[in-house]
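Visitor: no sequence on this one, just coordinates:
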């Protein structure tokens, strides 16, 4: 006997169709977009299955909606700072923390005092050379698939047991 392979919501057969496997069930793309898609924190619209999604601390954004609250620069492929329920680029996060007369640092001293360090290689991440995943900073070139080493920055990916 052949097991039924239908969409959880509309009950349409999924054989030879694209579908989403979520938890213990399967659903067609139309139902996923209607019932299961995460809602973007910026535009409040569903993040469709064919869209790139950014997530941080159980919040979700469309890739283009994830930007600095001050300058609107896209942060999907950049390091950022979350402060007072706002997402900020490093430039504005540093400005908010600095006194009116900002101190000046050489690159080495700035790195020592302010830089984030990559969880993979433990080296400083310079200005725009990193990404944040699950509150941990990574160099963009080190944030890759454990099997084929394809860069995951700006791509959809799945984490399995912290890999």
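Guide: Perfect, thanks for sending it. Because the structure is a prediction, the values reported are computed rather than measured.
Visitor: Surely residue 54 touches residue 60?
Guide: Yes - proximity of residue 54 to residue 60 meets the contact threshold set by CB atoms under 8 Å, at 7.1 Å. Every residue, glycine included, has its C-beta placed from N, CA and C.
Visitor: Just want to know which of the two has more residues nearby.
Guide: residue 54 (24 against 18; other CB atoms under 10 Å).
Visitor: before we move on, what SS does that one have?
Guide: With DSSP: H, G, I helix; E, B strand; the rest coil as the basis, residue 54 sits in strand.
Visitor: Tell me who's in contact with it.
Guide: Going by CB atoms under 8 Å, 6 or more residues apart in numbering, residue 54 touches 60, 61, 62, 63, 66, 76.
Visitor: Read off the pLDDT value for residue 82.
Guide: You'll see residue 82 listed with a pLDDT of 80.
Visitor: Just give me the neighbour total for it.
Guide: Neighbours of residue 82 (other CB under 10 Å): 15.
Visitor: now the one 5 residues further on
Guide: Counted with other CB under 10 Å, the neighbours of residue 87 add up to 22.
Visitor: Then residue 55?
Guide: 14.
Visitor: residues contacting it?
Guide: 38, 61.
Visitor: Check residue 36 too.
Guide: The contact partners of residue 36, by CB under 8 Å, 6+ apart, come to 20, 22, 27.
Visitor: Tell me how far the closest residue to residue 66 other than its chain neighbours lies from residue 163.
Guide: Distances taken as CB to CB, 6 or more residues apart in numbering put residue 54 closest to residue 66, at 4.3 Å, once the chain neighbours are dropped. From residue 54 over to residue 163 the distance is 20 Å, taken as CB to CB, to the nearest Å.
Visitor: now swap in residue 28 and tell me
Guide: Relative to residue 163, and taking CB to CB, residue 28 is found at 29 Å.
Visitor: Give me the more crowded residue out of those two.
Guide: Set residue 28 next to residue 163 and count neighbours by other CB under 10 Å: residue 28 wins out with 22 against 8.
Visitor: first to last residue in stretch 143-154, what's the distance?
Guide: Length of stretch 143-154, first residue to last, CA to CA, to the nearest Å: 10 Å.
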